[in-house]
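Engineer: show me how the following folds:
(3 chains)
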Amino acid sequence: MITEVEAYDGERDRACHARRGRTARNAVMYEPGGVWYVYLCYGVHEMLNLVTGPPDYPAAVLIRGIEGAPGPGRLTKALGIDRRLNGAVCAPESGLWIEDRGVRLPRGAIKATPRIGVDYAGPVWAKKPWRFVLEARQDHWPAPAARGSIE
DNA sequence: CCATCGATCGGCT
DNA sequence: GCCGATCGATGGT
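Structural biologist: Residues are numbered from 1 along each chain as shown, chains lettered A, B, ... in the order given. Take a look at the predicted model:
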C-alpha cells in the first residue's frame, strides 16, 4: 500500500528534475506515462517515480512511502529497487507494478502538504501542496499484494 | 577540469 | 537539531 507521494509537473515546475530541459538523467520523464523513473539521490538513495505525463511532457509521481517502509530511500531498499528498473514499464513483465485492490478510503484520509526538500525551487514552487499523505488507520486493509507488486 | 549541490537517512549532540 | 556519507548530475572556467 502506497502511503505517501509527491507530484512533479513539467519544465515549469522549478522543483522538477526537468526544470532545465531534457538531460540524460531525466530523459525517461519525457516518455509516455506508465514507466518507472529511478535515480540516485545524495549519492546514497534510489528514488522511485512513476512517469505520468503525455509524450514529451516531463511529469512524474515520486513514491515516498509504502506500508512498513516509510521514506523514499527506505522503500526502494526494502523492495530491492535500483536504477536497473529505470525506464521499465509499470507492469508484471518488469517485476514491479501497481494494483488496485479496491480499498475504499474514508473521506479526508489523504492530506495534501508542501513537498519535502525542495526549498531551492523558490517559495512559489516549494509551497505548492503537491505531497499527498495517507493518514488513515492501517489495520483493516486487505492482505499484502502478490510478490513484486505495490498498491 | 573542478566545484557545487541535491526529490535522504541514520547517528549523534 | 545538526552533520557526515557518498556520488552522479549539472554548470562554470
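
Engineer: how about the strands in chain A?
Structural biologist: A:2-9, A:36-41, A:45-51, A:59-66, A:69-70, A:97-98, A:110-113, A:131-134, A:149-150 (DSSP state E).

Engineer: tell me which of these lies nearest to A:Arg83.
Structural biologist: strand A:36-41 (5.0 Å; CB to CB). Heads up, the C-betas are built off the backbone N, CA and C, glycines and all.

Engineer: and that closest one, what does it pack onto?
Structural biologist: Counting contacts by 3 or more CB pairs under 8 Å, 6 or more residues apart in numbering; DSSP states H and E, strand A:36-41 packs against strand A:45-51, helix A:72-79.

Engineer: would you reformat these as a markdown table and include distance to A:Val118, mean pLDDT and mean neighbour count?
Structural biologist: Output for the helices and strands packed on strand A:36-41, formatted as a markdown table (distance: least, CB to CB, whole Å; pLDDT from 0 to 100; neighbours: other CB atoms under 10 Å):
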| stretch | distance to A:Val118 | mean pLDDT | mean neighbour count |
| --- | --- | --- | --- |
| strand A:45-51 | 13 | 96 | 21 |
| helix A:72-79 | 13 | 95 | 18 |
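
Engineer: residues of stretch A:22-36 that come out buried?
Structural biologist: A:26, A:28-31, A:35-36 (16 or more other CB atoms under 10 Å).

Engineer: among those residues, which are in helices?
Structural biologist: Among the buried residues of stretch A:22-36, DSSP state H puts none in helices.

Engineer: export those as JSON lines, with columns for distance to A:Tyr42.
Structural biologist: Formatted as JSON lines, the buried residues of stretch A:22-36 follow (distance: CB to CB, whole Å):
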{"residue": "A:Asn26", "distance to A:Tyr42": "17"}
{"residue": "A:Val28", "distance to A:Tyr42": "20"}
{"residue": "A:Met29", "distance to A:Tyr42": "19"}
{"residue": "A:Tyr30", "distance to A:Tyr42": "24"}
{"residue": "A:Glu31", "distance to A:Tyr42": "25"}
{"residue": "A:Val35", "distance to A:Tyr42": "23"}
{"residue": "A:Trp36", "distance to A:Tyr42": "20"}
